[in-house]
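>>> make a model of this:
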Amino acid sequence: MSLKSVFLSALRHAQRLRPLQVSSIHTGACLRKAEDRKEMLASMPAKDEGTVGEKSVDIDNLINRKAKFFPDASTSSQLFNGIPFNELPICNIRVSPNNTIISVTDYKGVLRLIRSCGIEGFKNTRKGTNIAAQATAVTISGKAVELGWKTVRVKVRGLGPGRMSAIKGLQMGGLNIVSITDNTPVSFNPPRPRKQRSL
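Numbers count the residues shown, from 1 in each chain. So this is what the prediction gives:
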C-alpha cells in the first residue's frame, strides 16, 4: 500500500467521524445546560403568597353541621375562656406592601403593645415580606402572653404579603384567636388613577 492511499483512507475515515463528534458535543452541551436549568428551577422553593400550609375551612360543611361560624346578636356576651367577647383584647394588624404594623389594645382601645417589621430589625424591602410579618407577630404574641392575654380578637386592615402570615404568627406565639375581622377601607368613589405610562 502506498503512502498516498493510506493518507486518503485516513482522511476519509476522519471526515466520516468529524460531523458525528461535533454534533454530539454540541447537542450534549445544550442538553446538559437545559437539564441543569430544570434541576435548578425544581430545587427553588415555590413563591409563597402567605397561604401555603394554611388550613382551609369548608364553609358549606360547617353550615350543614349547624356550627356557629358567623356572629349574631348574642356573640358580644358569649364567653371565651371566661371573658365576654366584647371585653377581649384586640390585635390590630395594619398591612401594606412595604411594612406590617401589629398593635394590641385592650377592649376600650387603649394601646398596650406595638411592633412593626422595622422595629423587629428588618430593613428596606425585607420589611414587606411575609417572613418579616410572621416574625413580628410571634414576638408581639409572646409579649401579650406575658401580660396574661391568651385569647384575642384580630382586625386586619390593608393589603400586602403579610396578611395571612401575621395571623399565623400570632397563633404560633401562643395566642388563641377567636375572630378575624377585615377592616380594609374600600372607596366607592376613588381618586382618579394615574395616566397611562408611555413606553
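
>>> looks like Arg163 contacts Ile93 (just checking).
Yes: if you go by Cβ atoms under 8 Å, Arg163 and Ile93 touch, sitting 7.4 Å apart. In short, each C-beta sits where N, CA and C put it, glycine included.

>>> and the two? Which one has more around it.
For Arg163 versus Ile93, neighbours defined as other Cβ atoms under 10 Å are more numerous around Ile93 (26 against 22).

>>> isn't the more buried one right up against Ile102?
Yes: between Ile93 and Ile102 there is a contact under Cβ under 8 Å: 5.3 Å.

>>> show me the contacts for Lys127.
98-100, 116-118 (Cβ atoms under 8 Å, 6 or more residues apart in numbering).

>>> in strands, which of these appear?
Judged by DSSP state E, strands contain the following of the contacts of Lys127: 100, 116.

>>> what's the helix or strand in which Asn92 is found in contact with?
Using DSSP states H and E, Asn92 maps to strand 90-95. Strand 90-95 is contacted from outside by 100-107, 109, 133, 137, 140, 144, 152-160, 162-163, 166-167, 170, 175, 177, using Cβ under 8 Å, 6+ apart.

>>> for stretch 101-110, same thing?
With contact meaning Cβ under 8 Å, 6+ apart, stretch 101-110 is reached by 86-94, 111-117, 133, 136-137, 140, 143-144, 149, 152, 166.

>>> distance of the closest residue in space to Asn86 that isn't next to it in sequence from Asn176?
Spatial nearest neighbour of Asn86, excluding adjacent residues (Cβ to Cβ, 6 or more residues apart in numbering): Ser76 at 4.3 Å. From Ser76 across to Asn176, the span is 18 Å (Cβ to Cβ, to the nearest Å).

>>> follow-up on the earlier one: I figured the residue nearest to Asn86 hits Leu88, correct?
No: assessed by Cβ under 8 Å, Ser76 is found out of contact with Leu88, at 10.2 Å.

>>> what number of residues lie near the residue nearest to Asn86?
Neighbourhood size, Ser76 [other Cβ under 10 Å]: 11.

>>> can you report phi and psi for Gly121?
Gly121 adopts backbone torsions of phi 110, psi 0, taken as degrees, to the nearest 10.

>>> output the strand or helix carrying Ser103 as CSV, restricted to C-alpha atoms.
Of the helices and strands defined by DSSP H and E, Ser103 is found in strand 100-105. Taking C-alpha atoms only, strand 100-105 is exported to CSV below (Å, rounded to 0.1, in the frame of the first residue of the first chain):
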residue,chain,number,x,y,z
THR,A,100,-46.6,45.3,58.6
ILE,A,101,-47.5,47.0,61.9
ILE,A,102,-49.1,45.0,64.7
SER,A,103,-50.6,46.6,67.8
VAL,A,104,-52.5,45.1,70.7
THR,A,105,-55.1,47.2,72.6
